[in-house]
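Student: need coordinates for the below:
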Amino acid sequence: MGAMRTESVERAMSILSAFSAQQPELRLTDLARETGLHKSTVLRIANSMSIYGFMQRTPRGRYRLGPSVWRLGQIFAQDYPSREAVAPTLQKLVKATGETASFYVRAGEDRVCLYRETVADLRPFGAEEGMRLNMSTGVSGLVLRRFSGEEVADLSVFNDNGTVSSDAPTIPEISAVATPVFSASGALIGALTISGLSSRFDAATRQKAIPLLEDLARSMGK
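Tutor: Modelled structure (predicted):
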């Protein structure tokens, strides 16, 4: 039996999910367009979420996320490595490869892009920090599934260190490579990933990046 669904909650979540780093403020008409909901429905739900601090209305009459979203984000993030701990690793990968570096963690049945250093031409693609994505897509999802105990159909895609390299794993224009990050005790922490345009981040280029990726992943777990 599948999980029970509540339409009103799903509508509220769709409104929150409409916001992004590129669209931090949205008009009522924008929210209606992004969610497919009627403007009166969006207004009613937005007013309810504003009471609890999940949305707020700006002086210009636009909507943005409220402080309660930040509070919950802080609670979520406290179970994972801090930005200060991960950022230097991501910056080293970007400097060495010229491509985007990300750190993903597993959150239930989803993966979350916890931290990301993005090169300019990849901003229209890929995940933003905090975005929840399907575990069944992407090389990071494959790494997180295997090393959190799930059965993975094709183990041949992993090298001896658990790294996966793939052309266009999720988005046709993007290729990526990901490796697991373990704590000193051997517990899975997350997946360290490099992604770039397939036209330049081809199989040979990804292969050259793997030793540095794996070395930095090991350093994160010490």
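
Student: identify each buried residue in the helix or strand containing residue 13, please.
Tutor: Element membership of residue 13, judged by DSSP states H and E, is helix 7-17. For helix 7-17, a neighbour-count test (16 or more other CB atoms under 10 Å) marks 11-12, 14-16 as buried. Backbone N, C-alpha and C define where each C-beta goes, glycine included.

Student: in terms of distance to residue 219, which of the residues you listed ranks first?
Tutor: Comparing the buried residues of helix 7-17 against residue 219 with CB to CB picks out residue 16 as the nearest, at 35.4 Å.

Student: residue 108 versus the closest one, what's the distance?
Tutor: Distance of residue 16 to residue 108, given as CB to CB, to the nearest Å: 17 Å.

Student: what's in contact with the very next helix or strand once past the helix holding residue 13?
Tutor: Following helix 7-17 in sequence order, the next helix or strand is strand 25-26 (DSSP H and E). Applying CB atoms under 8 Å, 6 or more residues apart in numbering, the contact partners of strand 25-26 are 18-19, 34, 58, 60, 62-64.

Student: name the member of these with the most neighbours.
Tutor: Of the contacts of strand 25-26, residue 63 is surrounded by the most neighbours, 24 neighbours in total, counting by other CB atoms under 10 Å.

Student: pLDDT score for the residue lying closest to residue 196 once chain neighbours are set aside?
Tutor: In space, and not counting its chain neighbours, residue 196 is closest to residue 99: 3.6 Å by CB to CB, 6 or more residues apart in numbering. Per-residue pLDDT puts residue 99 at 93.

Student: what sits against residue 99?
Tutor: Each residue near residue 99 by CB under 8 Å, 6+ apart is listed here: 93, 119, 122, 194-196, 201, 209.

Student: now with 6 Å, please.
Tutor: Residue 99 makes contact with 194, 196, 201, according to CB atoms under 6 Å, 6 or more residues apart in numbering.

Student: next one: the closest residue in space to the last one that isn't next to it in sequence from residue 188, what distance?
Tutor: If the residues on either side of it in the chain are set aside, residue 201 comes closest to residue 175, at 4.8 Å by CB to CB, 6+ apart. Residue 175 sits at a distance of 24 Å from residue 188 (criterion: CB to CB).

Student: those two - which one has more neighbours?
Tutor: For residue 175 versus residue 188, neighbours defined as other CB under 10 Å are more numerous around residue 175 (25 against 19).

Student: who's the closest residue to residue 131 other than its chain neighbours bridged to?
Tutor: Of all residues not flanking residue 131 in the chain, residue 113 sits nearest, at 5.1 Å (CB to CB, 6+ apart). Beta-bridge partners for residue 113, by DSSP bridges, are residue 104.
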